[in-house]
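K.L.:
have a look; sequence and predicted model below, questions after that.
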Amino acid sequence: MKLLKNTGDLTPREIVAELDKYIIGQNEAKKAVAIALRNRARRKLIPEDIRDEVAPKNIIMIGPTGIGKTEIARRLSKLCRAPFIKVEASKYTEVGYVGRDVESMIRDLLNVSVNLIKNELRESVMTEAEIRTTEQLLNYLLPDYKATKIKNPFLQKTEEEKQEIQNTANSDTREKFKKLLEEGKLDDRTIEITVTSNSSPVVELFSGAGLEGMGINLTDLGNMFGGGGGKRKKRKTTVREAKNIILDQEIDKLLDMDKVTDLAKERAEKEGIVFIDEIDKIAVKSRNSSGAEVSREGVQRDLLPIIEGSQVNTKYGPVKTDHILFIAAGAFHMSKPTDLIPELQGRFPIRVELSSLTKEDFIEILTKPKNALTIQYKELLKTEGIKINFKDEAIAKIAEYAYDVNSEMENIGARRLHTIMEKLLEDISFNAPDMDEKEVDIDEKFVEEALKNIVENADLSKYIL
């Protein structure tokens, strides 16, 4: 029996530790997703005859907005380099209503997976792509070798000898330009290049069983009828920018798209994560026959086969959803998880309730994460030569204001800190280029003076905080 030791997969404890670097609190939710991720690694090593029977345990997160539901799922996908997509349940409608059908979330997931694989395989073809890019740039910089003349009228040479001299002269010129190109001395020169554009608009003509359901867009139709290869057009640009454009095109030419597609489908099927937000918006609270209620219940029923395991047709071929991990989330202010149809409830065996943020949580959010708001503002203002020092007392006061406003008004979780911090540092951000004082201490008095009137004035805070 194989054991999970040196596989490179993180242990549940290590996964939680990584999530702790960016998300404060919500330990139950972190624990649930860490186990789900670890189970994927375990599944790879179990006997093949039972491997397909082990389905992922989908998770539903319950809690108010701004407390880390989406961030937990997003950070989780980055940890395991998994294809990840976030969708809103409220934008889907059942077949027969205007809107996107639920199968489109799997097609979107596969597109993400294809881009992920292409980026991973870039390195394998990068050397050859760079050589080709350099040659193409030299062709644009030296478009016409035949224009060079042999200017010695007294030198009697045959046509073959003249051509040999011509080629030698051109070769020397090309080598000189190649050296200048590699040294970056031609980066600002303007050249005209030919660009192949594949940006034909994707038009969803029909929902569900239409062209989009088969993964076909107008670009594909053009290719079917001999319009493949994209539209070629001339474009003036600098050598620096042309280098990036041509490099991307050469990488696409060198990549084996059949291999990319196969790997992308496998990655999406075995490691894909679909985060369905606002699932509470499609919960049916009453069994009446109004159109909106019928449509919402229809969306739930359309979700059932996808979450349980089915096959979705895409332009890259059929994709099985049996082992995709679905994480649903909702605030459930106006409804309850039990308002979802029983069959859908059963597809989410793990339920996690996330708690509202406390004052202590806000203090940690402002100081502990790698991407803490205080760090972000320090770095932003440092570009203007301004050094900002946040005192502990000031951070405690900001956290207190955030908690109080969330308690008295709409609870928007950690997003409240964004509006408070922006208002707090508004004057400094505006005056930074003209400030003589290059170091500013943010203390409790500074916070009170900047925010006290707004927080106390309920009418104002509705619009500002």
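P.N.:
That came through fine. Please read these numbers as outputs of a predicted model, since none were measured by experiment.

K.L.:
please enumerate the strands of this structure.
P.N.:
59-62, 84-88, 190-197, 231-238, 273-277, 311-314, 317-320, 325-330, 350-353, 387-390, 439-442 (DSSP state E).

K.L.:
tell me the most buried of the ones you listed?
P.N.:
Using mean count of other CB atoms under 10 Å, the stretch among these with the greatest mean number of neighbours is strand 325-330 (a mean of 26). Placement of C-beta: from N, CA and C, glycine included.

K.L.:
pull out the buried residues from the lengthiest helix in the chain.
P.N.:
Determined from DSSP state H, the single longest helix within the chain is helix 104-141. For helix 104-141, the neighbour count (16 or more other CB atoms under 10 Å) marks 104-114, 116-118, 121-122, 125, 129, 132-134, 136-138, 141 as buried.

K.L.:
next: stretch 333-340.
P.N.:
If you call a residue buried by 16+ other CB under 10 Å, then stretch 333-340 has these buried ones: Ser335, Pro337, Asp339, Leu340.

K.L.:
tally of neighbours for the nearest residue to the third one once chain neighbours are set aside?
P.N.:
To tie it back to what came earlier, the one meant is Asp339. The shortest distance from Asp339 to any non-neighbouring residue, by CB to CB, 6 or more residues apart in numbering, is to Ala283 (3.9 Å). By other CB atoms under 10 Å, 21 other residues sit near Ala283.

K.L.:
what's the pLDDT at Ala283?
P.N.:
The model reports Ala283 with a pLDDT of 83.

K.L.:
so it sits against Leu340, correct?
P.N.:
Yes - between Ala283 and Leu340 there is a contact under CB atoms under 8 Å: 5.1 Å.

K.L.:
show me where pLDDT drops low in the stretch 301-450 of the chain?
P.N.:
Counting by pLDDT under 70, the stretch 301-450 of the chain contains no low-confidence range.

K.L.:
how about the stretch 1-150 of the chain?
P.N.:
Scanning the stretch 1-150 of the chain for pLDDT under 70 picks out 1-8, 94-99, 143-150.

K.L.:
and if we set it to 90?
P.N.:
1-12, 15, 18, 20-29, 33-34, 36-57, 63-82, 87-103, 118-127, 129-150 (pLDDT under 90).

K.L.:
pretty sure Val112 sits against Lys86.
P.N.:
No - using CB under 8 Å, Val112 is not in contact with Lys86, being 10.4 Å away.

K.L.:
quick one: Arg416 and Asn313, what's the gap?
P.N.:
The spacing between Arg416 and Asn313, counted by CB to CB, to the nearest Å, is 43 Å.

K.L.:
same question, Ala399
P.N.:
Separation of Ala399 from Asn313 (CB to CB): 50 Å.

K.L.:
then Asn371?
P.N.:
On the measure of CB to CB, Asn371 and Asn313 end up 39 Å apart.

K.L.:
again, but for Lys391
P.N.:
Distance of Lys391 to Asn313, computed by CB to CB: 59 Å.

K.L.:
also Ile273?
P.N.:
As defined by CB to CB, Ile273 lies at a distance of 21 Å from Asn313.

K.L.:
Lys78 now?
P.N.:
Relative to Asn313, Lys78 is positioned 29 Å away (CB to CB).

K.L.:
same thing with Ile428?
P.N.:
Counting by CB to CB, the separation of Ile428 from Asn313 is 55 Å.

K.L.:
and for Val112?
P.N.:
Counting by CB to CB, the gap from Val112 to Asn313 is 17 Å.

K.L.:
again with Asn39
P.N.:
Asn39 is 28 Å from Asn313, where distance means CB to CB.

K.L.:
what about the helices in the stretch 201-350 of the chain?
P.N.:
Here the stretch 201-350 of the chain has its helices, by DSSP state H, counting those that start in this stretch, at 218-222, 239-254, 257-271, 291-308, 342-346.
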